[in-house]
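**Student:** Here is my input, please return the structure:
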Amino acid sequence: MSSCIFYAAFIPVYILILFFTILIDYYAGIAIENSKGSRRKLFLTTSIIANVGVLAVFKYYNFFTNNINELLNQLHITAHGLPLLNMILPIGLSFHTFQAMSYTIEVYRGNQKAERHLGIYALYVMFYPQLVAGPIERPQNILHQFYEKHSPDATLIENGLRKMLWGLVMKVVIADRVAIFVNAIYNNVPENNGTMLLLASFFFAIQIYCDFAGYSYIAIGAAQVMGFNLMTNFKRPYFATSIDMFWKRWHISLSTWFRDYLYIPLGGNRVPVPRWYFNLFIVFVVSGLWHGANWTYIIWGALNGFYLIFAIVSKKWRVAFNRMTLISRNPVIFKIIQIVTTFCLVTFAWIFFRANTVTDAFLIVKKIFTELGPPALNSSLVLTMLYAFSGITLLFLVELYMEYSSREVPLLQHSSVYVKYASYAMGIVYILLFGVFDGGQFIYFQF
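**Tutor:** Next up, the predicted model:
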C-alpha cells in the first residue's frame with residue numbers, strides 16, 4: 001500500500017498504468033510456466049508487447065510523430081500530419097517497465113518460478129525505494145526477500161541510514177550545486193564562450209553522476225533500513241581506465257539488463273566480427289533511446305557505441321604505441337592517463353546528453369574547440385564554483401578512499417564510536433549549510 005501511495009503522489013490516475021502491466025505480466029508468467037512449445041513464446045511476446053506498447057505510447061509516440069511530420073513537411077506533404085498527444089510522461093516508466101520485462105523473460109528461460117501471489121508480484125514491480133529510478137532488479141534477487149521476515153536490525157538500519165546520508169550529500173550538496181552553473185551556461189549556449197561551456201560540461205559530468213548515484217545510495221539505503229538488499233548500481237565509474245570498464249561501473253543494473261536481454265540474444269561476440277560490432281552499436285543506440293525520446297540521447301548512445309568499437313579495433317595499435325613510448329612502464333602514470341582519457345571521452349559524450357537540442361550540442365563542441373577565452377564569471381557564478389569545487393574535492397577524496405579500501409565512506413565507518421557519530425552529525429550539518437533544497441527532482445526520474 002505504501003508503494004501505491006508513493007507512486008500515486010505524482011499523478012494518481014497513472015497508477016492504473018502500473019496495475020495494467022502488473023496484471024498482464026502476472027498472468028503471463030503463470031501461463032508461460034504452465035505452457036509448452038510455441039505457446040510459451042506467445043505469452044512472453046504478449047507480455048513484452050504490452051510493456052513496450054505502454055512505453056511507446058507515453059514516451060516515444062510524440063517523438064516519432066514529430067519526426068514523421070517533419071519528413072512529410074520536407075516532402076511538401078502537409079495535409080496529412082499526424083496528431084500529437086498531450087500527455088505527461090509517467091515517472092520512472094522506463095525503470096519499472098524493464099524490471100517487469102526481466103521477470104517474464106526469466107520465467108520463460110526457466111531461471112525463475114512464476115510468482116503465484118499477486119500482491120508479492122505487484123510489490124516486486126512497485127517496491128517504492130527503487131520504483132522510479134532503479135536499480136532495475138532481477139526477480140531472483142528480490143522476490144524471495146518479500147517472503148522473508150524482516151525484524152528491525154540495528155546494524156542494517158545504521159548501514160542504510162549511512163548510505164542515505166552520503167546519497168543526500170551527493171545529491172543536494174554536489175549535484176544540485178553544480179546544476180546551478182550547468183543550467184546557467186547550457187541554457188544560454190550562444191552567449192557563452194568555449195571556456196565556460198567546457199567548465200559547464202565538466203560540471204555536468206559531476207552533476208549527473210552525483211544525482212543518479214546519490215539516488216541509488218538513498219534507494220539502496222532505504223531498502224536496507226527495512227531489511228532488504230538491492231543490487232549495487234554504481235562502482236566509482238570515473239575511476240574507470242577504459243570505456244568498457246566505465247560501463248561495468250555505471251548504472252550497472254541497466255548495463256547488465258541490456259547485456260542479458262539484448263546484446264546476448266543478438267549473438268553477443270559469438271558472431272562474425274562485423275556483426276559483433278553491429279550488436280555493440282545497436283545496444284548503445286537503444287540505450288540512448290531508453291534514456292529519452294530525443295536525438296540528443298540517440299547520438300549520445302551512438303557515440304558511446306563508437307567508443308567501444310574503436311577501442312576494440314585500435315587495441316593492437318594502442319599497445320604498440322604504449323610500448324614505443326614506454327608509457328606503460330610506469331603503472332601509476334599509465335593508469336592516471338587511462339582514467340583521465342576515459343573521463344574526457346565520457347564527458348564529451350555527456351555534452352549531447354545534456355544539450356537542449358542537437359544544434360546546441362554541436363555549437364558547444366565547436367565553441368570548445370575554437371572559442372576558448374577568459375571565463376565570463378559574475379560574482380554569483382564564482383561563488384557557485386567555489387562551493388562546487390569544495391564538494392567535488394570531497395567527492396574525489398571519498399571515492400579515492402573507497403576505490404582502494406574495503407570501506408564505503410571514510411569516517412562514517414570509523415572504529416571509534418565518537419568519530420563515527422561525530423561524522424554523522426557533521427554530514428547532516430554539511431547538508432543543511434551547503435545543500436541546495438530547491439534543485440528540483442532527480443535527473444533520472446524523467447526516464
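
**Student:** can you tell me how far residue 83 sits from residue 232?
**Tutor:** Distance from residue 83 to residue 232, counting by Cβ to Cβ, to the nearest Å: 44 Å. For the C-beta atoms, the positions are set from N, CA and C on the backbone; glycine is no exception.

**Student:** do the same with residue 222
**Tutor:** 15 Å.

**Student:** Which one of those two is surrounded by more residues?
**Tutor:** residue 222 (19 against 12; other Cβ atoms under 10 Å).

**Student:** nearest residue to that one other than its sequence neighbours?
**Tutor:** The shortest distance from residue 222 to any residue other than its chain neighbours is 4.3 Å, reached at residue 129 (Cβ to Cβ, 6 or more residues apart in numbering).

**Student:** my guess is the one you found contacts residue 219, does it?
**Tutor:** Yes: here residue 129 reaches residue 219: they are 4.4 Å apart, a contact under Cβ atoms under 8 Å.

**Student:** Need the overlap of contacts for the two.
**Tutor:** The contact sets of residue 129 and residue 219 overlap at residue 230 (Cβ atoms under 8 Å, 6 or more residues apart in numbering).

**Student:** The helix or strand containing residue 21 packs against which elements?
**Tutor:** Taking DSSP states H and E as the criterion, residue 21 maps to helix 15-34. Identification of packing neighbours for helix 15-34 by 3 or more Cβ pairs under 8 Å, 6 or more residues apart in numbering; DSSP states H and E yields helix 2-8, helix 38-55, helix 93-109, helix 118-126.

**Student:** Let me know which of the ones you listed is tucked in deepest.
**Tutor:** Of all these, helix 93-109 has the most neighbours on average by mean count of other Cβ atoms under 10 Å, namely a mean of 23.

**Student:** That one versus helix 38-55: what angle between them?
**Tutor:** 180 degrees (axes from the mean of the first three to the mean of the last three Cα atoms, to 10 degrees).

**Student:** So what angle separates the directions of the helix holding residue 21 and helix 38-55?
**Tutor:** 170 degrees.

**Student:** Where does the prediction get shaky in this structure?
**Tutor:** Low-confidence segments of the chain (pLDDT under 70): 1-3, 8, 78-81, 406-415, 439-447.

**Student:** which residue packs closest to residue 156, ignoring adjacent ones?
**Tutor:** residue 224 (5.4 Å).

**Student:** Oops, could you answer that again for residue 6 instead?
**Tutor:** The nearest residue in space to residue 6 (Cβ to Cβ, 6+ apart) is residue 128, at 4.1 Å.

**Student:** shouldn't the one you found be in contact with residue 18?
**Tutor:** No: Residue 128 lies out of contact with residue 18 (Cβ under 8 Å); the separation is 11.7 Å.

**Student:** residues shared between the contacts of those two?
**Tutor:** Both residue 128 and residue 18 are contacted by residue 7, under the criterion Cβ under 8 Å, 6+ apart.

**Student:** more neighbours, those two?
**Tutor:** Remark: of residue 128 and residue 18, residue 18 carries more neighbours, 24 against 16, as counted by other Cβ under 10 Å.

**Student:** OK, contacts around that one?
**Tutor:** Residue 18 makes contacts with 7, 96, 125-126, as judged by Cβ under 8 Å, 6+ apart.

**Student:** Distance to residue 52 for those - can I get that in CSV?
**Tutor:** Shown next, in CSV, are the contacts of residue 18 (distance: Cβ to Cβ, whole Å):
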residue, distance to residue 52
7, 20
96, 13
125, 15
126, 19
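
**Student:** Closest to residue 263 out of the residues you listed?
**Tutor:** Nearest to residue 263 among the contacts of residue 18: residue 96, at 21.7 Å, using Cβ to Cβ.

**Student:** Thought residue 124 was touching that closest one, still the case?
**Tutor:** No: the criterion here is Cβ under 8 Å, and residue 96 misses it with residue 124 at 9.7 Å.

**Student:** What's the local residue count around residue 160?
**Tutor:** By the criterion of other Cβ under 10 Å, residue 160 has 23 neighbours.

**Student:** can I assume it is in contact with residue 224?
**Tutor:** Yes: assessed by Cβ under 8 Å, residue 160 is found in contact with residue 224 at 3.4 Å.
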